[in-house]
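A.B. asks: one predicted model, sequence on top.
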Amino acid sequence: MAIDFDKWNKIFNITEEEVQELEENADKKERVELPYGNYEVAVSKMHISASKKGDPMFVCRFRILNGIHKNSVLYMNQVITQNFQVHIVNEFLKSLDSGIQVRWTGDYREYGELVEAVFEEVRNSLEYALSYTSSEKGFPVYRIMKVFDKE
């Protein structure tokens, strides 16, 4: 049986940088749940992916820049199968202050390209004051409180 490596490359998008990052942080054996609070962060990853169930999902990773949790990662995952979920992501993307017009056109491919464009705009130039809290229903809430130019 022949192995379809190209298919795996398309399905499993694991970058060299991601693996290298894990190796550098190998002493942190387990993923620690970070407490709710305010953090200074940089966006280290952002894209549209598939959830475990195969549903479209917005994925964002924040690297904490200082304090006792410096270099830890906050994970924002938002399934986007309903209009209110897309609205949550749209509002979040707008708050990143990328200068790119954020809107849903009804096409997931276009939305994925939009998310990637926003990421490319902010990843090397902006940092954020992030409020990480919980909703009344217990879901994590991520709010950008302030935008900083990266030093």
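C.D. replies: Received the coordinates, thanks.
A.B. asks: tell me if residue 39 really is in a strand.
C.D. replies: Yes. Under DSSP: H, G, I helix; E, B strand; the rest coil, residue 39 falls within a strand.
A.B. asks: correct me if wrong: it contacts residue 130.
C.D. replies: Yes. Residue 39 is within contact range of residue 130, at 5.0 Å (criterion: C-beta atoms under 8 Å). Where C-beta positions appear, they are placed from N, C-alpha and C, glycine not excepted.
A.B. asks: give the residues shared as contacts by those two.
C.D. replies: Common neighbours of residue 39 and residue 130 (criterion: C-beta atoms under 8 Å, 6 or more residues apart in numbering): 62, 74.
A.B. asks: centroid-nearest residue for this structure?
C.D. replies: residue 60 (0.4 Å; C-alpha atoms, centre = their mean).
A.B. asks: kindly export whichever helix in the chain runs longest (C-alpha atoms) in PDB.
C.D. replies: Counting residues, the longest helix in the chain under DSSP state H turns out to be helix 108-122. Extracted in PDB, the C-alpha atoms of helix 108-122 (Å, rounded to 0.1, in the frame of the first residue of the first chain):
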ATOM      1  CA  TYR A 108     -15.100  29.700   4.400                       C
ATOM      2  CA  ARG A 109     -12.200  29.800   1.900                       C
ATOM      3  CA  GLU A 110     -12.400  33.500   1.600                       C
ATOM      4  CA  TYR A 111     -12.700  33.800   5.400                       C
ATOM      5  CA  GLY A 112      -9.600  31.700   5.900                       C
ATOM      6  CA  GLU A 113      -7.700  33.900   3.500                       C
ATOM      7  CA  LEU A 114      -8.900  37.000   5.500                       C
ATOM      8  CA  VAL A 115      -7.800  35.500   8.800                       C
ATOM      9  CA  GLU A 116      -4.400  34.700   7.300                       C
ATOM     10  CA  ALA A 117      -4.100  38.200   6.000                       C
ATOM     11  CA  VAL A 118      -4.900  39.700   9.400                       C
ATOM     12  CA  PHE A 119      -2.300  37.400  11.000                       C
ATOM     13  CA  GLU A 120       0.400  38.400   8.500                       C
ATOM     14  CA  GLU A 121      -0.400  42.100   9.300                       C
ATOM     15  CA  VAL A 122      -0.200  41.800  13.100                       C
END
